[in-house]
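> need a 3D model of the sequence below.
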Amino acid sequence: MSAALEQLAAVLARFDEEAYVALANRGLVRRARKDLEQQRVEVIEQSAAQVVVRFGAQHIRFDGRGPAHAQCDCPASGICQHILAAAMGLQQ
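Take a look at the predicted model:
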């Protein structure tokens with residue numbers, strides 16, 4: 001396990017439903033959970049600095065700071081349902 005993945009796991013261990021809602025909103029959290037029922041999160045790259053996962057067609061980059069600083073390649077700005085779903089999937 002890379003250093004970034006270890007840091008990310010430690011950050012995600014502190015996240016619960018309300019933390020995700022505070023990060024985005026209840027509707028996005030609901031959509032992310034629904035997406036997780038149909039798709040899975042796959043780690044495709046790990047390094048000391050970042051973790052890249054694939055969720056559906058999207059690629060999401062995390063560093064050790066957690067989902068608040070993640071980047072998704074979808075057109076949405078800020079925290080999107082893909083970032084939330086990827087974080088929740090990694091948390092499982």
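> show me where this structure has strands.
Ranges of strands within the chain are 41-46, 51-55, 58-62, 71-72, based on DSSP state E.
> what helices or strands is the helix or strand bottoming out on mean pLDDT in the chain leaning on?
The weakest-scoring helix or strand in the chain, judged by mean pLDDT, DSSP states H and E, is helix 3-12 (a mean of 93). In this structure, helix 3-12 packs against strand 41-46, strand 51-55, helix 81-91, with contacts taken as 3 or more CB pairs under 8 Å, 6 or more residues apart in numbering; DSSP states H and E. (C-beta placed from N, C-alpha, C; glycine too.)
> looking at the protein, which helix is longest?
Of all the segments of type helix in the chain, defined by DSSP state H, the longest one is helix 26-38.
> mind listing what Ala4 touches?
46-51, 62-64 (CB atoms under 8 Å, 6 or more residues apart in numbering).
> ditto for Ile79
23-24, 28, 67-68, 70.
> would you mind finding the most buried of the helices and strands packed on helix 3-12?
Ranked by mean neighbour count under mean count of other CB atoms under 10 Å, those are led by helix 81-91, which reaches a mean of 25.
> can you check the pLDDT for Gln91?
Reported pLDDT at Gln91 in the predicted model: 93.
> near the closest residue to it other than its chain neighbours, how many other residues are there?
In space, and not counting its chain neighbours, Gln91 is closest to Leu12: 4.5 Å by CB to CB, 6 or more residues apart in numbering. Leu12 has 18 neighbours, counted by other CB atoms under 10 Å.
> and the one 4 residues further on, by the same measure?
Residue crowding around Asp16 was assessed by other CB under 10 Å; the count is 10.
> so how far is Leu23 from the nearest residue to Gln46 once chain neighbours are set aside?
Using CB to CB, 6+ apart and skipping the chain neighbours, the partner closest in space to Gln46 is Ser2 (3.9 Å). To Leu23, Ser2 is 23 Å away according to CB to CB, to the nearest Å.
> which one's more surrounded, these two?
Taking other CB under 10 Å, Ser2 and Leu23 do not tie; Leu23 has more neighbours (19 against 16).
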